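**Q** Just need the structure, nothing else, for what follows:
(chains A and B)
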Amino acid sequence: MIKLNVNGRAAMVDADPDTPLLWVLREQLGLTGTKYGCGIAACGACTVHVDGSAVRSCSFPLSEAKERKITTIEGLSHDRSHPVQKAWIEEQVPQCGYCQSGMIMAVAALLAEKRRPTDADIDAAITNICRCGTYQRIRKAIHVAAGSR
Amino acid sequence: MLRQDLVNVVSRGKSVPVIGQLRVGIATVVGIVIATGAVVFIQNAAAQNRLEEGREKFRQMATVFQHPRCMNCHPRTDFPRQGDDRHRHAMNVTRGPADRGAPGLHCSTCHQSSNQTASGVPGAPASGAPGAPDWHLAPLRMAWDDLSVAELCRALLDPARGGMKPHQFIPHFQTGLVRWAWSPGAGPHGEMRDAPPIPYERFMALTREWIDRGAPCPNS
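**A** The predicted structure is shown next:
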């Protein structure tokens, strides 16, 4: 059994230490907001926070999650009040929505480190893939969330 | 009479031993000079041999430094490289201000403290900190792209270019990130990554032997 701290709550999970955190979140803890996309840490659909930093949970072993603070899209705010969530609604960013929880988590991690990111900062940090091609709305919403536009 | 006495003295008296002693003395001095010269020559030749041996050790070490497992993270670019063909790292990954990725997308977003079999993403532990990942690029001043073996050697020893003193090489080569090169794991499609051409233990032995010989650099 491995003890986790997910969205502020303690959870005990019984899984192989090499299991990607993504599958523990989805299948053992029922937190299905975090999505499986590529499985090779390339697309970013599985992005969550570990100790406040973005990680691709499909490539993050359970063993390294022990005694660290994990935040998923379900725990970003209790009432969709996180500035990134508000900006996403304001700009109506999603189309199909599948990649958007990973996008929002990646953007929240960026803004925690860089309060007013430039377009270049966004290009360097937000490498998540959106099959619907909502990139321009994503960029606009990031600036809205940052309060710069 | 007087002249004959003098001849006798010269031929039978004291002057014969004097000349003999002079000859012996000169021979001794010449011998010492020759012997000293020979010793110096042999010592110089031995020193030269050790230097050349050291240079050869480094040439063998350089096959590791110039392998893609090492070169990909010692680039002269603002981004890492990956693969045996040293292509640009996928997903627009950049160096970032501290050589550990961009703000919001650190190397540790994907690279953890061990190779991940599920995703094929490589990882390495930080030295002295089990469980903490240490994936990062070498600073730009330590870029190795396009350096000859001799230039690479001089760069490794140049403090202005991130170089180290000889005794610092062994601890550096024992870090998790360096050792990862010999356990690079498999990629996302199960293909095994190539390790450097000589085993880790041999590389470390070569490094010690290079240092023992004064850490000389090849001339070209």
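**Q** Which residues of chain A lie near chain B?
**A** A:18-20, A:39-42, A:47, A:53-56, A:58-61, A:63-64, A:106-107, A:109-114, A:117, A:121, A:123-127 (C-beta under 8 Å from any C-beta of the partner chain). C-betas here are computed from N, CA, C, even on glycine.
**Q** Out of these, which end up buried?
**A** A:19-20, A:39-42, A:47, A:53-56, A:58-61, A:63-64, A:106-107, A:109-111, A:113-114, A:117, A:121, A:124-127 (16 or more other C-beta atoms under 10 Å in any protein chain shown).
**Q** Quick check: the gap between the residue nearest the centre of chain A and residue B:172.
**A** Centroid check for chain A by C-alpha atoms, centre = their mean gives residue A:105 as the closest residue, at 2.8 Å. Using C-beta to C-beta, to the nearest Å, we find residue A:105 at a distance of 35 Å from residue B:172.
**Q** Check residue A:57 too.
**A** 32 Å.
**Q** Looking at these two, which has the bigger crowd around it?
**A** Counting neighbours by other C-beta atoms under 10 Å in any protein chain shown for residue A:57 and for residue B:172 shows that residue A:57 has the greater number, 30 against 13.
**Q** thinking that one is in contact with residue A:34, fair?
**A** Yes: assessed by C-beta atoms under 8 Å, residue A:57 is found in contact with residue A:34 at 6.1 Å.
**Q** Overlap of the contact sets of those two?
**A** Jointly contacting residue A:57 and residue A:34 under the rule C-beta atoms under 8 Å, 6 or more residues apart in numbering or on different chains are A:22, A:25, A:46-48.
**Q** For residue B:134, give me its contacts.
**A** B:113, B:124-127, B:175-177.
**Q** give me that answer again for 10 Å
**A** B:100, B:107-108, B:111, B:113, B:123-128, B:175-177, B:180 (C-beta atoms under 10 Å, 6 or more residues apart in numbering or on different chains).
**Q** Same question for residue B:71.
**A** Taking C-beta under 10 Å, 6+ apart, one finds B:65, B:81, B:86, B:138, B:143-145, B:147 in contact with residue B:71.
**Q** Which residue ranges of chain B form helices?
**A** For chain B, helices defined by DSSP state H occupy the ranges B:2-12, B:15-65, B:68-71, B:149-157, B:166-173, B:176-180, B:200-212.
**Q** Show me what the fourth one is packed against.
**A** What that stands for is helix B:149-157. helix B:15-65, helix B:166-173 (3 or more C-beta pairs under 10 Å, 6 or more residues apart in numbering or on different chains; DSSP states H and E).
**Q** pLDDT at residue B:34, what is it?
**A** pLDDT for residue B:34: 85.
**Q** For it, give me its contacts.
**A** Counted by C-beta under 10 Å, 6+ apart, residue B:34 has zero contacts.
**Q** ok, how many other residues are close to residue A:45?
**A** The local packing of residue A:45 (other C-beta under 10 Å) involves 27 other residues.
**Q** Enumerate every residue touching the nearest residue to it once chain neighbours are set aside.
**A** Spatial nearest neighbour of residue A:45, chain neighbours left out: residue A:37 (3.2 Å); criterion: C-beta to C-beta, 6 or more residues apart in numbering or on different chains. Neighbouring residues of residue A:37 by C-beta under 10 Å, 6+ apart: A:22, A:43-47, A:56, A:58, A:98-99, A:102, A:128-129, A:131.
**Q** Just the ones of the buried ones among the residues of chain A next to chain B in helices?
**A** Using DSSP H, these in helices are A:106-107, A:109-111, A:113, A:121, A:124-125.
**Q** Where does pLDDT dip in chain A?
**A** A:148-149 (pLDDT under 70).
**Q** Show me how it divides into domains.
**A** Annotated domains of chain A cover A:2-75, A:83-146 [automatic domain parsing].
**Q** what do you get for chain B?
**A** If you go by automatic domain parsing, chain B breaks into B:2-51, B:54-212.
**Q** if you compare the ones you listed, which one is most tucked away?
**A** domain B:54-212 (a mean of 17; mean count of other C-beta atoms under 10 Å in any protein chain shown).
**Q** Let me know the average pLDDT across that one.
**A** For domain B:54-212, the mean per-residue pLDDT is 94.
**Q** Just the terminal-to-terminal distance for it.
**A** This stretch, domain B:54-212, spans 8 Å end to end (C-alpha to C-alpha, to the nearest Å).
**Q** Tell me the gap between it and the middle of its chain.
**A** 16 Å (C-alpha atoms, centre = their mean, to the nearest Å).
**Q** Need the phi and psi values for the closest residue to chain A within chain B.
**A** Going by C-beta to the nearest C-beta, chain A is nearest to residue B:104 of chain B, at 3.1 Å. According to degrees, to the nearest 10, the main-chain angles of residue B:104 amount to phi 90, psi -20.
**Q** My guess is residue A:9 contacts residue A:29. True?
**A** Yes: judged on C-beta atoms under 10 Å, residue A:9 makes contact with residue A:29 at a distance of 9.3 Å.
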